[in-house]
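>>> return atomic coordinates for the entry below.
(2 chains)
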2 protein chains.
Amino acid sequence: MHITSQQRLDDGVDESRFTLGDIPGILWTPASASASVPAPLILLGHPPLGLRAMYPRLAARARHAAADGFATATIELPGSGDRPRWPAVEQARGDLRRAMEAGEPVGDEIVDALVLPLVDKAVPEWQAALDALLSLPGIAGPVGYSGGVISVGVRLAVVEPRVSAAVLFAGSLVPRATFEEARRVTIPLHVLLQWDDEGNDRQASLDLFDAFGSEEKSLHAHLGGHTGVPQHAGDAASRFLVRHLR
Amino acid sequence: MHITSQQRLDDGVDESRFTLGDIPGILWTPASASASVPAPLILLGHPPLGLRAMYPRLAARARHAAADGFATATIELPGSGDRPRWPAVEQARGDLRRAMEAGEPVGDEIVDALVLPLVDKAVPEWQAALDALLSLPGIAGPVGYSGGVISVGVRLAVVEPRVSAAVLFAGSLVPRATFEEARRVTIPLHVLLQWDDEGNDRQASLDLFDAFGSEEKSLHAHLGGHTGVPQHAGDAASRFLVRHLR
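Next up is the predicted model:
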């Protein structure tokens, strides 16, 4: 892990840009964090739109989490942002767009081709980032995961024992394989659902929530479309992470 | 409205027992409330099990609300507690019990016979209580409604313009007529659902949530049975009422 730049944001949050091999990432730490009082960590998931485009929303979430005493970090997803194009996933994305524009149902094979390779490649990268981040002096467990592609969050919850609570956003295409994996999730979950999400199958989201094996799970549905999550819903998700990680 | 007894609870909440005609009720006010700084009011709904049986839970909700600066009040439901028996509803209750014990589906006619007369009789009583309560010097609008039989909450939200936000518990039998009324509800709603509620049709609860006409509504589903609402879910409902009533 190589720190490429550092700056202090105006509200006392330190922002460090880093690379992990050829993967760019960002770490935010509250100024109060130190080797003797390390901050717990939240991994900030995001959709595959590139860190540059997602930066304003990620930085806002990071500031909010820092006020609760958390460090936060994120890495670029494979095939997104400044990382090399990924022809197979781009083709699946084209197939999805064509199906949606033609008003056709989006078949399982398109969803699988779009999401499963992303999960297979991204999750080990997030785990490698976790190795590097937890070796820094101001950061310690427990670790939470919040947001982003839900299949990535589900896989991470299943395979990564250091992740002990997750906020998941039921708002993307979900392969059948993710429903199977969901049964093996046991960590506490706080699941957000936008009730009128245009690109989302509501019943599939409810079925996925039902499938999670966790003994503590809750679903929070708000009126509105994909990007309409109200501020107070973000606050409630933050309180969930505070309850489980602090 | 006739105050029959008053006491100060140990945490500085004043509890007044009252009767409104022959209907018993309880009012809790924060000690800080006065004619010059009146408290907003939350009506505490409850299932038809009698105020005596419900008292510990109601008083706990009242204390919690008082800490947020709210007065709270509740009245006995018709046919419950010390009020005269109500043969028609008791018969419907018997029909319900027999159907459930026999493992038969609970027909619409049983649900209608059980719930609709209760709604028709209770809602004007809650409105009369509201008239009396809002004439007291330490209490003022806005008014919220929280909990209890969901069909009562829905009717009250439709017919009573002084109720400006409601926390509803999607955990009871819902007549078809309530779904129709739900479309006419426009106030902000915070709806709680216990995901594994034994006595509850989960899909009906989701359909009811979908039917509400409110522009601001959210559904909060937690794992567990009817009485398993976690403490933090109550806290989130309180924050909803603070957002809308204070």
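
>>> quick check, A:L27 in a helix?
No - using DSSP: H, G, I helix; E, B strand; the rest coil, the secondary structure at A:L27 is strand, not a helix.

>>> spit out the contact partners of it.
A:E15, A:S16, A:F18, A:A71, A:T72, A:A73, A:L133, A:L136 (CB atoms under 8 Å, 6 or more residues apart in numbering or on different chains). Any C-beta I mention is one placed from the backbone N, CA and C, and that applies to glycine too.

>>> cool, A:A99 as well?
With contact taken as CB under 8 Å, 6+ apart, A:A99 is in contact with A:P105, A:V106, A:G107, A:I110.

>>> please redo it, this time with the cut-off set to 6 Å
By CB atoms under 6 Å, 6 or more residues apart in numbering or on different chains, the contact set of A:A99 is A:V106.

>>> which SS state does it fall under?
Using three-state DSSP, the secondary structure recorded for A:A99 is helix.

>>> again with A:T178
The local conformation at A:T178, judged by three-state DSSP, is helix.

>>> quick check: which of the contacts of A:L27 has the minimum pLDDT.
Looking at the contacts of A:L27 by pLDDT, the weakest one is A:L136, with 94.

>>> buried residues in the helix or strand of chain A with the lowest mean pLDDT?
Among the helical and strand segments of chain A, the one scoring lowest on mean pLDDT, DSSP states H and E is helix A:87-101, with a mean of 90. Buried residues in helix A:87-101, defined by neighbour count with 16 or more other CB atoms under 10 Å in any protein chain shown: A:V89, A:A92, A:R93, A:D95, A:L96.

>>> dump the contacts of A:L27 into JSON lines; add neighbour count, distance to A:L168 and secondary structure as well.
Compiled in JSON lines, these are given as follows (neighbours: other CB atoms under 10 Å in any protein chain shown; distance: CB to CB, whole Å; DSSP: H, G, I helix; E, B strand; the rest coil):
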{"residue": "A:E15", "neighbour count": "18", "distance to A:L168": "25", "secondary structure": "strand"}
{"residue": "A:S16", "neighbour count": "17", "distance to A:L168": "26", "secondary structure": "strand"}
{"residue": "A:F18", "neighbour count": "21", "distance to A:L168": "25", "secondary structure": "strand"}
{"residue": "A:A71", "neighbour count": "25", "distance to A:L168": "20", "secondary structure": "strand"}
{"residue": "A:T72", "neighbour count": "27", "distance to A:L168": "16", "secondary structure": "strand"}
{"residue": "A:A73", "neighbour count": "25", "distance to A:L168": "18", "secondary structure": "strand"}
{"residue": "A:L133", "neighbour count": "24", "distance to A:L168": "21", "secondary structure": "helix"}
{"residue": "A:L136", "neighbour count": "20", "distance to A:L168": "26", "secondary structure": "coil"}
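
>>> closest one to chain B out of those, please.
When the contacts of A:L27 are compared for distance to chain B (CB to the nearest CB), A:T72 comes out closest, at 22.0 Å.

>>> picking up where we left off before, export the contacts of A:L27 to TSV and tack on distance to A:E180?
Below are the contacts of A:L27 laid out as TSV (distance: CB to CB, whole Å):
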residue	distance to A:E180
A:E15	38
A:S16	37
A:F18	34
A:A71	32
A:T72	30
A:A73	29
A:L133	29
A:L136	35
